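Participant: Structural data only, the sequence is not supplied:
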Ligand code: GLC
């Protein structure tokens with residue numbers, strides 16, 4: 001390969017809007033190894049033909065796209081999918097996305113995003129798989145298996161991309177693209193964990209991120225890109241930068257100019273440059289000045305070609321030209337409906353206000369998010385078959401008939417502060433027996449570059465609720481949002497609160513299924529919900545501090561402890577929390593031994609009983625805590641979980657095997673090791689409840 005041909009492979013740009021002669025000439029010269037997010041079926045097929053037949057080496061083009069939570073069929077936003085704790089269904093959804101995207105000529109998705117996020121002000125929390133490294137790792141691996149299938153070179157498999165490597169979610173202040181400071185033990189124990197799980201799942205590519213990490217931008221960070229990813233994990237695919245993140249090394253105050261940016265990113269191991277073109281324009285002068293060497297370029301090009309080979313692109317994988325179906329097949333929509341249903345988290349249900357009986361009388365459906373196609377799809381839906389979307393209003397009308405449903409948006413959108421629509425909404429509520437209030441945030445307030453300093457319901461929603469509450473009708477609140485919001489006063493006024501995230505194409509039928517009891521809600525929070533934004537960051541796997549607050553402590557003694565005078569120290573809703581239409585009881589965990597040696601394992605079991613009158617799924621969670629060690633340990637850490645479907649009265653024993661090695665952490669000597677000590681272990685419905693069993697870990 002010539003230098004230009006190698007640099008061509010290392011360069012990715014958006015597919016142009018037209019196939020100009022200049023563009024075709026560039027293809028013949030091998031100027032671009034990959035395109036992102038664009039091109040019709042025909043354009044991609046023609047460009048591929050030129051690359052294969054009219055360029056000197058005939059190297060196939062790699063087409064990438066942001067298929068973040070579905071392509072034609074849109075699934076819940078990843079944060080919503082994370083609330084399902086259902087790895088296999090998440091895998092099935094990713095498989096659907098791969099089948100639809102590959103049929104549209106796409107070979108590679110920039111997904112799964114697995115940044116750990118502990119700050120709901122950050123708009124991209126919508127795209128992530130929550131605050132816990134274990135849950136995020138399990139779900140990210142499931143998505144990778146779904147995208148890449150059993151054989152990466154199968155015609156309906158696409159390469160996955162573990163992003164944004166690494167630490168992007170720790171942006172100071174939750175402000176997107178902001179600085180991150182993450183000490184190595186936290187980096188390894190929390191932020192790197194899902195990316196390591198992705199490596200074990202065989203992810204084909206990684207994407208470096210926008211953020212600087214401890215002063216070194218992640219798109220030029222030799223420690224994470226070489227020491228960890230290549231040397232420790234043995235990754236042999238390729239790394240793509242994020243959008244212009246190589247050129248952005250300059251505004252970071254890291255690179256002096258574009259040549260310096262190219263030099264530092266190439267040396268660090270960013271194989272492919274997305275959109276900025278510093279590699280192509282400066283590599284030759286850097287070579288001549290011996291600031292980079294040809295081996296670095298060879299390694300980068302080879303990593304890229306290796307993935308193209310693994311995808312079967314050199315073995316005649318044909319660019320499809322058949323038009324996409326007018327509407328997704330029922331099989332795909334059914335998976336979307338099931339995933340959306342399982343993503344719903346019941347946060348409050350006073351006196352079993354839910355499920356609604358079909359003979360509920362007249363229902364008022366109020367709020368702009370009850371009937372907004374774009375908003376229920378959520379952020380990052382570049383494709384999305386709009387005609388297949390069914391809104392909650394549509395689905396509720398299907399359940400009850402048009403006559404019994406009075407619809408009044410009340411507001412034009414979630415940001416609307418006007419009270420013009422209030423009278424009509426109050427009238428609809430007054431003329432009904434039950435009010436279904438759809439609140440939350442629009443899609444445009446969520447995702448990239450959408451950090452918010454306030455977490456309450458935007459616009460005039462809180463005033464609208466106050467007016468509707470005056471009617472005295474029972475309020476059922478459904479919140480659609482791309483992040484945890486704060487809505488304590490609204491929840492106080494509601495009989496029930498169901499959190500629906502942005503639920504995707506089949507969000508309407510899924511919400512109606514749960515509201516009317518076709519299925520009990522089983523979602524559990526993948527992130528902590530703060531009482532107020534002032535508590536942020538607040539997350540379950542925190543350290544104890546030397547003065548842990550406790551609700552039970554006597555008043556005076558409780559003063560000098562770690563809490564807020566005006567917001568306490570506990571969240572509104574904890575990680576792992578979610579109600580059902582039934583109730584479950586847990587026995588105290590039993591242990592197979594009271595003491596185990598460092599290399600051994602222990603069995604932990606408990607009996608879970610459905611003590612209510614609905615069949616329902618419970619997400620049984622296993623947590624541990626080490627009381628003392630060479631570094632402080634979190635007050636709880638999720639180690640495993642199990643989905644249990646139990647009929648009314650049914651009891652099931654759940655048994656987990658806990659390996660002492662699984663209790664290892666990154667110690668002050670820079671080694672992963674478990675240490676002797678007292679271990680508490682919970683089998684519980686969430687991260688804040690249950691009584692622990694205790695065992696000793698000994699040398
Ligand atoms: C964006 C995002 C990244 C996405 C890429 C391509 O800025 O940070 O997640 O995959 O650019 O669209």
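Facilitator: Yes, it's here. Please read all numbers here as calculations on a predicted model, not as lab measurements.
Participant: got the contact list for the closest residue to the ligand within the stretch 351-500 of the chain?
Facilitator: The stretch 351-500 of the chain approaches the ligand most closely through residue 448 (5.7 Å), counting by CB to the nearest ligand atom. For every residue, glycine as well, the C-beta is placed using N, CA and C. Going by CB atoms under 8 Å, 6 or more residues apart in numbering, residue 448 touches 123-124, 127, 176, 379-380.
Participant: mind redoing it with 7 Å?
Facilitator: Listed by CB atoms under 7 Å, 6 or more residues apart in numbering, the contact set of residue 448 reads 123-124, 176.
Participant: Quick check: residue 479 touching residue 437?
Facilitator: No: applying CB atoms under 7 Å as the test, residue 479 and residue 437 come out as separate, 9.0 Å apart.
Participant: returning to what we had before: looks to me like the residue of the stretch 351-500 of the chain closest to the ligand is in a helix.
Facilitator: No: membership of residue 448 in a helix is not supported by DSSP: H, G, I helix; E, B strand; the rest coil, which gives coil.
Participant: Tell me how far it lies from residue 379.
Facilitator: 7 Å (CB to CB, to the nearest Å).
Participant: now swap in residue 241 and tell me
Facilitator: 21 Å.
Participant: quick one, which of the two is more surrounded?
Facilitator: Shown here are residue 241 and residue 379; by other CB atoms under 10 Å, residue 241 has more neighbours (28 against 24).
Participant: That one touches residue 273, doesn't it?
Facilitator: Yes: using CB under 7 Å, residue 241 is in contact with residue 273, at 5.4 Å.
Participant: So residue 83 sits against residue 527, correct?
Facilitator: No: with contact defined as CB under 7 Å, residue 83 does not reach residue 527; the gap is 8.7 Å.
Participant: residues contacting residue 506?
Facilitator: Contacts of residue 506 (CB under 7 Å, 6+ apart): 333, 336-337, 340, 390.
Participant: contact partners of whichever helix or strand residue 652 is part of?
Facilitator: Element membership for residue 652 (DSSP states H and E) is strand 651-659. Contact with strand 651-659 is made by 601-609, 620, 622, 624, 639-640, 642, 644, 646, 681, 683, as judged by CB under 7 Å, 6+ apart.
Participant: In strands only, show me the residues you listed.
Facilitator: 601-609, 620, 622, 624, 639-640, 642, 644, 646, 681, 683 (DSSP state E).
Participant: Filter those down to the buried ones, PyMOL style.
Facilitator: This is the PyMOL syntax for the buried subset of the ones in strands among the contacts of strand 651-659, where burial follows 16 or more other CB atoms under 10 Å:
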select buried, resi 601+602+604+605+606+608+609+620+622+624+639+640+642+644+646+681+683
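Participant: show me where pLDDT drops low in the stretch 301-450 of the chain?
Facilitator: Scanning the stretch 301-450 of the chain for pLDDT under 70 picks out nothing.
Participant: how about the residues of it near the ligand?
Facilitator: Residues of the stretch 301-450 of the chain lying close to the ligand by CB under 6 Å from any ligand atom are residue 448.
Participant: Is there a neighbour count for the closest residue to the ligand within the stretch 1-150 of the chain? I'd like the number.
Facilitator: Closest to the ligand within the stretch 1-150 of the chain is residue 110: 3.4 Å, counting by CB to the nearest ligand atom. Neighbourhood size, residue 110 [other CB under 10 Å]: 25.
Participant: so who does it touch?
Facilitator: By CB under 7 Å, 6+ apart, the contact set of residue 110 is 64, 66, 161, 163, 207.
Participant: Tell me the one of these nearest residue 577?
Facilitator: Taking CB to CB as the measure, residue 577 lies nearest residue 163 of the contacts of residue 110, at 28.0 Å.
Participant: Which secondary structure state does the closest one sit in?
Facilitator: Using three-state DSSP, the structure places residue 163 in strand.
Participant: how about the closest residue to it other than its chain neighbours, secondary structure?
Facilitator: Excluding its sequence neighbours, the residue lying closest to residue 163 (CB to CB, 6 or more residues apart in numbering) is residue 207, at 3.7 Å. Following three-state DSSP, we place residue 207 in the strand state.
Participant: Tell me the bridge partners for residue 207.
Facilitator: Taking DSSP bridges as the rule, residue 207 bridges to residue 240.
Participant: my read: residue 78 touches residue 69, true?
Facilitator: Yes: if you go by CB under 7 Å, residue 78 and residue 69 touch, sitting 5.5 Å apart.
Participant: was I right about residue 16 contacting residue 22?
Facilitator: No: in terms of CB under 7 Å, residue 16 does not count as a neighbour of residue 22; the distance is 9.2 Å.
Participant: neighbour-wise, which of the two wins?
Facilitator: Shown here are residue 16 and residue 22; by other CB under 10 Å, residue 16 has more neighbours (16 against 10).
Participant: Which pLDDT does the model give the more buried one?
Facilitator: Listed pLDDT for residue 16 reads 97.
Participant: Next: residue 552.
Facilitator: 57.
Participant: Thanks again, I'm all set now.
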